[in-house]
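Participant: mind looking at a prediction? Sequence and model below.
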Amino acid sequence: MAFHGLALVTGAAGFMGSHVVERLAAEGVRVRATARPRQDLAFFENLGVEYLPADLTRPETLPPLFEGVDRVFHLGAICNFSTPYHRLHPTNVAGVEHMTRLALEHGVRCFVHVTSTSVYGYYAGSPFTEEDPREPRDDYGRSKKAGEDVVLERIREGLPAIIVRPCTVYGPRCNDGAGKVFSRPTRIAAIPGSGRQRLANVRAEDVAAAVLHLSGLESALGRIYNIADDSNPTIEEALTLAARTFGTPPPKLRLPLPLIRATARVDGLICSWRGRVPDLECDAVKYLDNDYVVDNSRLKQTGFTFQYPDFRESMEQLGRRFNNRST
């Protein structure tokens, strides 16, 4: 599909949204970026990108975003396991309601909704596919499922939309969600459980490339796509690589998962009092009882090629980047 209008990116000031904006601008796409009002616009100005503030929880601010837009990348969301559902709903569910309704009214030709593999719930022994039942087990996953339900209903009403489900996303500028453990120095000093649990991760740059790739495929409309890289490191391998990448002591102590969960609960209460998200969130720890593997074959069948298919090589590249910026 060829697009000639503006590409609208919501959540553009956030981790993943900023990567999508960056990728679109690099491809020469005219971009309108939006997030809540902010003073520092240097990131967008340096990319030559229009920034128009709006608030997903205030629907009256949203209609001006759609003027001249033919493609929407919806990434505006709260993305952590620590925020309760009643605070997630206005953004992660009602915000989707507002955006998809306006997209349908304005004749948007492609609406890409970025959600999460958290909608699947806990691992059941085989890689998650797009056809698996959605059985979220935490408030974040439930909010993302409810947001997907909104998009699926709009598709039935005629909205040309695509749903993408990234797994744990990590990379430059990540300060939220489970991926922050592999994106910057953290305080995690112990290996949860046996350390042999396999993980599913994906670099932010690959998510941005994938959503742009899918938006150009008419055959992708109305479909759902997982986004995960080709490797599944164990948690011990991943944490050791992260420590080596950012120059922190590698975790050596092994702690039973019940003790990790108890520690995470206490840390969560302390961090909540201090107004920040903990490095290891209590609901995130619950996913560590088993492997967590995501099938990416549907995405690869569209012809998409990952820039960072291997977690180890990706972390080595992140380490070089981090060290260059630290010197």
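Facilitator: Yep, that arrived. Numbers count the residues shown, from 1 in each chain.
Participant: my guess is residue 166 contacts residue 117. True?
Facilitator: Yes - the pair residue 166 / residue 117 is scored as a contact, 6.9 Å apart, by Cβ atoms under 8 Å. Just so you know, the C-beta spots here come from the backbone N, C-alpha and C atoms, and that holds for glycine as well.
Participant: between the two, what contacts are shared?
Facilitator: 226, 228 (Cβ atoms under 8 Å, 6 or more residues apart in numbering).
Participant: pick out whichever of the two has more residues nearby.
Facilitator: residue 166 (26 against 23; other Cβ atoms under 10 Å).
Participant: tell me the pLDDT of the more buried one.
Facilitator: With respect to pLDDT, residue 166 has a value of 98.
Participant: once you drop chain neighbours, what's closest to it?
Facilitator: Spatial nearest neighbour of residue 166, chain neighbours left out: residue 227 (4.3 Å); criterion: Cβ to Cβ, 6 or more residues apart in numbering.
Participant: then residue 114?
Facilitator: That would be residue 75: by Cβ to Cβ, 6+ apart, it lies 4.8 Å from residue 114.
Participant: contact partners for that neighbour?
Facilitator: Here residue 75 is in contact with 9-12, 14, 16-17, 20, 114 (Cβ under 8 Å, 6+ apart).
Participant: out of those residues, name the two that are farthest from one another.
Facilitator: Greatest spacing in the contacts of residue 75, by Cβ to Cβ: 12 and 114 (12.1 Å).
Participant: on that earlier part again, run a quick neighbour tally on the residue nearest to residue 166.
Facilitator: 26.
Participant: so it makes contact with residue 162?
Facilitator: No - if you go by Cβ under 8 Å, residue 227 and residue 162 don't touch, sitting 11.5 Å apart.
Participant: so how far is residue 191 from residue 208?
Facilitator: 31 Å (Cβ to Cβ, to the nearest Å).
Participant: looking at these two, which is more packed in?
Facilitator: Counted by other Cβ under 10 Å, residue 208 and residue 191 do not tie: residue 208 has more neighbours, with 27 against 22.
Participant: so the more buried one sits in a helix?
Facilitator: Yes - assigned with DSSP: H, G, I helix; E, B strand; the rest coil, residue 208 falls within a helix.
Participant: in contact with it: list those residues for me.
Facilitator: Taking Cβ under 8 Å, 6+ apart as the contact definition, residue 208 lies against 16, 19-20, 22-23.
Participant: on that earlier part again, could you report the pLDDT at the residue nearest to residue 114?
Facilitator: In the prediction, the pLDDT value recorded for residue 75 is 98.
Participant: ditto for residue 43
Facilitator: In this model, residue 43 carries a pLDDT of 96.
Participant: give me the nearest residue to it, chain neighbours excluded.
Facilitator: Nearest to residue 43 is residue 18, by Cβ to Cβ, 6+ apart, at 6.6 Å.
Participant: go ahead and confirm that neighbour touches residue 172.
Facilitator: No - with contact defined as Cβ under 8 Å, residue 18 does not reach residue 172; the gap is 9.2 Å.
Participant: those two - which one has more neighbours?
Facilitator: Using other Cβ under 10 Å, the more surrounded residue of residue 18 and residue 172 is residue 18, with 23 against 17.
Participant: that one sits in which helix or strand?
Facilitator: helix 15-26 (DSSP states H and E).
Participant: what about residue 82, distance to residue 167?
Facilitator: 19 Å.
Participant: residue 202 too?
Facilitator: 6 Å.
Participant: dump the contacts of residue 75 to CSV, plus neighbour count, distance to residue 156 and pLDDT.
Facilitator: Putting the contacts of residue 75 into CSV (neighbours: other Cβ atoms under 10 Å; distance: Cβ to Cβ, whole Å; pLDDT from 0 to 100) gives the following:
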residue, neighbour count, distance to residue 156, pLDDT
9, 34, 25, 98
10, 26, 22, 98
11, 26, 25, 97
12, 28, 28, 97
14, 22, 29, 94
16, 27, 27, 96
17, 23, 27, 97
20, 27, 26, 98
114, 28, 20, 98
